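>>> Below are the sequence and a predicted model for it; my questions follow.
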Amino acid sequence: GSLAPQVGPAAAGGILTSTFEIPAQRVKDVLGVKGRNIKSLKAQSGIQKINIMDRSDPATVTVTGTQAAIETCRFMVLSIAAGDQSVIGNVVEHMDIDQRMVSKLIGPKGQVISQMKDQSGAYLEVRDTGNGPSRIIMTGPRESVTRARELITQFLAENGTAASAAAGGGGGGDPFAQYYAQAKLQEAQLQAQLHEVQFQAQLQEVQQLQAQSTVQFQPQS
């Protein structure tokens, strides 16, 4: 679809509403633990309202605000959907653990991993890599991810196995490559618009200076 916001008739005062789509399974990443990510998104993009309908796949994201806020918010949401949370100051790291430890780490009714999420403030997700060890993805502010890594390492040590402390980026996000590409395109557009705005402002300044000098130096008749 088009990257331009779909403008409704109520676009008075420069406030627009735009919709776009993300994979439904990525909605939880955009929301974050206790809604932290979506709060960061709102604060950093300056968007007035953001609403996510995830009853169908893909999920529909509706954002309301100025055009600049909409484009910034869209870029941030698409980046998060592509697995890059650095746009809101989050880091994504992973640890590989023995598959036999996964059920212990999750705990009955998910209690163990929930407790770790609460204690660290990081979002934790266990992914099956298909072959070999399972992978824990840790996402959040740097200090939360560091704390989560400590908690997991300690838990595994107490329960009889060491983790491979591979610190890597999200990786393996091929299904989301198109969202990453969209986010990159959005970023390029934002940059181009920013340069255009700066250029127009400079041009206006030059024109004003020229106008002033014309007035000042008109020969006396």
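That came through, no problem. Numbers count the residues shown, from 1 in each chain.
>>> Could you list the low-pLDDT ranges of the protein?
Counting by pLDDT under 70, the ranges of the chain that qualify are 1-13, 161-184, 186, 188-189, 191-197, 212-221.
>>> Which residue ranges of the protein form strands?
Using DSSP state E, the strands of the chain run over residues 16-22, 49-53, 59-65, 91-97, 123-127, 134-140.
>>> Tell me which of those sits most buried.
Most buried of the strands of the chain by mean neighbour count (mean count of other CB atoms under 10 Å) is strand 134-140; its value is a mean of 23. Backbone N, C-alpha and C define where each C-beta goes, glycine included.
>>> partner strands of it, parallel or antiparallel?
Strand 134-140 pairs in its sheet with strand 91-97 (antiparallel), strand 123-127 (antiparallel), by DSSP bridges.
>>> now the first one: how far from the chain's centre is it?
When you say that, I think you mean strand 91-97. Its chain's C-alpha centre and that of strand 91-97 lie 18 Å apart, by CA atoms, centre = their mean, to the nearest Å.
>>> Repeat that for stretch 110-126.
Centroid separation for stretch 110-126 versus its chain: 20 Å, with CA atoms, centre = their mean.
>>> what's the answer for stretch 69-78, then?
8 Å.
>>> so which of the strands paired with strand 134-140 gets nearest K39?
Among those, strand 123-127 comes nearest to K39, with 13.7 Å by CB to CB.
>>> List the contacts of that closest one.
Applying CB atoms under 8 Å, 6 or more residues apart in numbering, the set of residues contacting strand 123-127 from outside is 28-29, 32-33, 102, 105-106, 113, 116-117, 134-140, 148, 152.
>>> Pull that strand out as PDB, backbone CA atoms only.
Output of strand 123-127 as PDB, limited to C-alpha atoms (Å, rounded to 0.1, in the frame of the first residue of the first chain):
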ATOM      1  CA  TYR A 123      10.400  -8.900  27.500                       C
ATOM      2  CA  LEU A 124      11.400 -12.600  27.300                       C
ATOM      3  CA  GLU A 125      10.500 -15.100  24.600                       C
ATOM      4  CA  VAL A 126      11.600 -18.700  24.100                       C
ATOM      5  CA  ARG A 127      12.000 -19.700  20.500                       C
END
